[in-house]
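K.L.:
3D, please:
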Amino acid sequence: MQKINFKFSPHLKVAKILIKNFLKDDFLAIDATLGNGFDSLFLSDILKNGQVFSFDIQKEAIENSKKYLKDKKNITFFLASHEDFSKHIFKKVQFIIYNLGYLPGSDKKIVTKSSSTIKSINSALDILDEIGAICITAYPGHEEGLKEEKKILKFLETLNYKKFSVSYQKWINKKNAPSLFWIEKKY
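P.N.:
Next up is the predicted model:
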């Protein structure tokens, strides 16, 4: 297992360590918030014999990511909301990642919303395989992001601890620092 130096590790480094230690190369994964495609690329590189299903509601995100990821044959793109997994994915998946907020470099008024994110997480729990995990990064540095983080935390606190293990990580000495949620299904 990779040693984590928390003093200098941003939240995404911690997430990547958790993900690398969890994933197997033949898993099925969902990138719930494609954005610029960095998470899909990261997953695709690990899942050599698996598949990544990447969702975004912004056509710009899909088009840019398709160009960026053109050599990746194990990614399927969906111009759809993350709350609509069940309309597109008809099998169990082992991993789902959310990188919430807005598409970097685009209109900051288009952000993930707590209502659709909670619906999506609920749907994600249903399609998660018995060996499955969900990674969520929330960004409370803007108004909707703060509301979204609080609602996710409140929702995840209600999950049955006999079925799910949930952890929450945040740099508490940095105002509005991103937070990381990790959910694993118990089997």
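K.L.:
tell me the contacts of Lys16?
P.N.:
Phe42 (Cβ atoms under 8 Å, 6 or more residues apart in numbering). Glycine gets a C-beta too; all of them are placed from N, C-alpha and C.
K.L.:
just confirm Ile97 is within a strand.
P.N.:
Yes. Using DSSP: H, G, I helix; E, B strand; the rest coil, the assignment for Ile97 is a strand.
K.L.:
wait, what's in contact with it?
P.N.:
19, 29-33, 39, 43, 134-136.
K.L.:
Ile118 too?
P.N.:
Shown in contact with Ile118 (Cβ under 8 Å, 6+ apart): 151-152, 155.
K.L.:
the residues you listed into a markdown table, with extra columns for neighbour count and distance to Phe78?
P.N.:
As requested, the contacts of Ile118 are exported to a markdown table (neighbours: other Cβ atoms under 10 Å; distance: Cβ to Cβ, whole Å):
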| residue | neighbour count | distance to Phe78 |
| --- | --- | --- |
| Lys151 | 17 | 24 |
| Ile152 | 21 | 22 |
| Phe155 | 16 | 24 |
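K.L.:
from the contacts of Ile97, which land in strands?
P.N.:
29-31, 134-136 (DSSP state E).
K.L.:
ok, so of those residues, who is nearest Leu159?
P.N.:
Ile134 (10.6 Å; Cβ to Cβ).
K.L.:
that closest one and Leu69, how far apart?
P.N.:
Separation of Ile134 from Leu69 (Cβ to Cβ, to the nearest Å): 22 Å.
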